[in-house]
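J.: Okay, predicted coordinates and the sequence, questions at the end:
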Amino acid sequence: MTVKQLRAFLAVARTLSFTQACEHLHLSQPALSLAIKGLEESLGGRLLIRSTRSVRLTPEGESLVPLAKRLIAEWDNTEELLRQRFTLQLGRLAVATMPSFASNLLPPALRVFRQRHPRVNVTVHDVINEQVIEMVRARQVELGLVFEPEATGSLTFTPLFRDRFVAVVPADSRLAERARLGWATLMTRDFIALQRPSMVRRLLEQQLQSRGVTLPAAFECHQLATVGRMVASGLGVSAVPSLCIAQMQELGAVCVPLEDPVIERDVGVLTWNNHELSVAALALQEVLAETIRTPRLTVGR
């Protein structure tokens, strides 16, 4: 039983005329007769009784009419729904992103995406870097926005930009007047760190330990916004990815380029290996590539 056969049957059942049905379907009489015959053979019995003067439905044909109407309606609705999704007139997309990206760089990209595709709904899971990786690996989301993982395995990482860590200091500190800071100078002040297992914390510790330096933590917290507030309040200093510069400045802190060592890491999009992304996911990935730029390092007072 095919959709074409059901449409042919309904056209005849509605008009009780092969001639009118042919005109409606733009089919020849032989083609229409063949479709009806194929449907009857598929179902195992006659649906129509046709004479030289009239056409009428058998009892089985009458019982098929409402069922066929429902099947055709569901088919048409499914076809339209998929067409809307393929043309981004309708859809849903789930992405996971580390909080620093979610609160700083993602909103402007989502604004552009929404302007282009207003009927595609996006769910954003702002979780720590490690959870983003696990959500992509478990196929709970199509896209993950993360620092480059040390090992990708079954995943593909596509870089968007290289992030360089910056110092965060109180606005009234003498350190805020410096054009750049070395780690040795920064570490003379109380350090405010993100709690483990934060990827930011891990990157800092790995880089400093490679130089025989232990990261001291006078204060620890979970959120970058809390780090910014604590620094702005004069409790100490910190170091954050440059993608957080605007956020730190809004909170009242000052950012200064860090060196000796320079700590850098690629930020990008994580997807499944050898898996075709949905049209909506591809569209968002395109917007991210267009809108995300390396955060400016012209910082300080």
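T.: Good, I have the coordinates.

J.: got the residue ranges for the helices in this structure?
T.: 3-15, 18-25, 29-43, 59-86, 99-104, 106-116, 129-137, 183-186, 199-209, 224-232, 245-250, 279-291 (DSSP state H).

J.: Verify the contact between Leu143 and Val95 for me.
T.: Yes - applying CB atoms under 8 Å, one finds Leu143 in contact with Val95, separated by 4.5 Å. (C-beta placed from N, C-alpha, C; glycine too.)

J.: Quick one: the helices of the chain as TSV, columns for mean neighbour count too.
T.: Converted to TSV, the helices of the chain look like this (neighbours: other CB atoms under 10 Å):
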stretch	mean neighbour count
helix 3-15	19
helix 18-25	17
helix 29-43	15
helix 59-86	13
helix 99-104	22
helix 106-116	15
helix 129-137	21
helix 183-186	16
helix 199-209	18
helix 224-232	22
helix 245-250	18
helix 279-291	17
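
J.: Now do the contacts for the closest residue to Met199 other than its chain neighbours.
T.: Leaving aside its chain neighbours, Met199 sits nearest to Asn129 (3.5 Å; criterion: CB to CB, 6 or more residues apart in numbering). Contacts for Asn129 (CB atoms under 8 Å, 6 or more residues apart in numbering) come out as 98, 146-147, 198-199.

J.: Next: Thr214.
T.: Leu208 are the contacts of Thr214 under CB under 8 Å, 6+ apart.

J.: That one and Ala171, how far apart?
T.: Look at Thr214 and Ala171: by CB to CB, to the nearest Å, they are 28 Å apart.

J.: Leu258 now?
T.: For Leu258 relative to Ala171 (CB to CB), the value is 17 Å.

J.: quick one: which of these two has more around it?
T.: Taking neighbours as other CB atoms under 10 Å, Leu258 and Ala171 compare with Leu258 leading, 23 against 13.

J.: sorry, back to before: and of the contacts of Asn129, the nearest to Ala218?
T.: Closest to Ala218 out of the contacts of Asn129 is Ser198 (16.5 Å), distances taken as CB to CB.

J.: The closest one reaches Ile128, doesn't it?
T.: Yes - applying CB under 8 Å as the test, Ser198 and Ile128 come out as touching, 6.1 Å apart.

J.: Could you pull out the residues contacting both of Leu143 and Val95?
T.: Leu284.

J.: ok, now how distant is the residue lying closest to Val127 once chain neighbours are set aside from Pro170?
T.: What sits nearest to Val127 in space, not counting adjacent residues and going by CB to CB, 6+ apart, is Ala96, at 6.0 Å. To Pro170, Ala96 is 33 Å away according to CB to CB.

J.: for Pro108, same thing?
T.: 28 Å.

J.: try Thr185
T.: Counting by CB to CB, the gap from Thr185 to Pro170 is 14 Å.

J.: Next: Ala246.
T.: On the measure of CB to CB, Ala246 and Pro170 end up 18 Å apart.

J.: next one: Glu80
T.: Distance of Glu80 to Pro170, computed by CB to CB: 58 Å.

J.: Same check on Phe219?
T.: Distance from Phe219 to Pro170, by CB to CB: 13 Å.

J.: same deal with Ala217?
T.: 17 Å.

J.: While we're on the closest residue to Arg196 other than its chain neighbours, how confident is the model there?
T.: Excluding the flanking residues, the one nearest Arg196 by CB to CB, 6+ apart is Arg202, at 7.2 Å. Note for Arg202: predicted pLDDT of 86.

J.: so where's this structure shaky on pLDDT?
T.: 84-85, 87-90, 294-301 (pLDDT under 70).

J.: Dump stretch 167-177 to PDB, restricted to CA.
T.: Taking C-alpha atoms only, stretch 167-177 is exported to PDB below (Å, rounded to 0.1, in the frame of the first residue of the first chain):
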ATOM      1  CA  ALA A 167      45.300  38.800  35.300                       C
ATOM      2  CA  VAL A 168      42.300  40.200  37.200                       C
ATOM      3  CA  VAL A 169      43.200  42.800  39.800                       C
ATOM      4  CA  PRO A 170      41.300  45.400  41.900                       C
ATOM      5  CA  ALA A 171      40.700  48.700  40.200                       C
ATOM      6  CA  ASP A 172      42.500  50.600  43.000                       C
ATOM      7  CA  SER A 173      45.500  48.400  43.000                       C
ATOM      8  CA  ARG A 174      48.900  49.500  41.600                       C
ATOM      9  CA  LEU A 175      48.900  46.400  39.500                       C
ATOM     10  CA  ALA A 176      46.000  47.900  37.500                       C
ATOM     11  CA  GLU A 177      48.400  50.500  36.200                       C
END
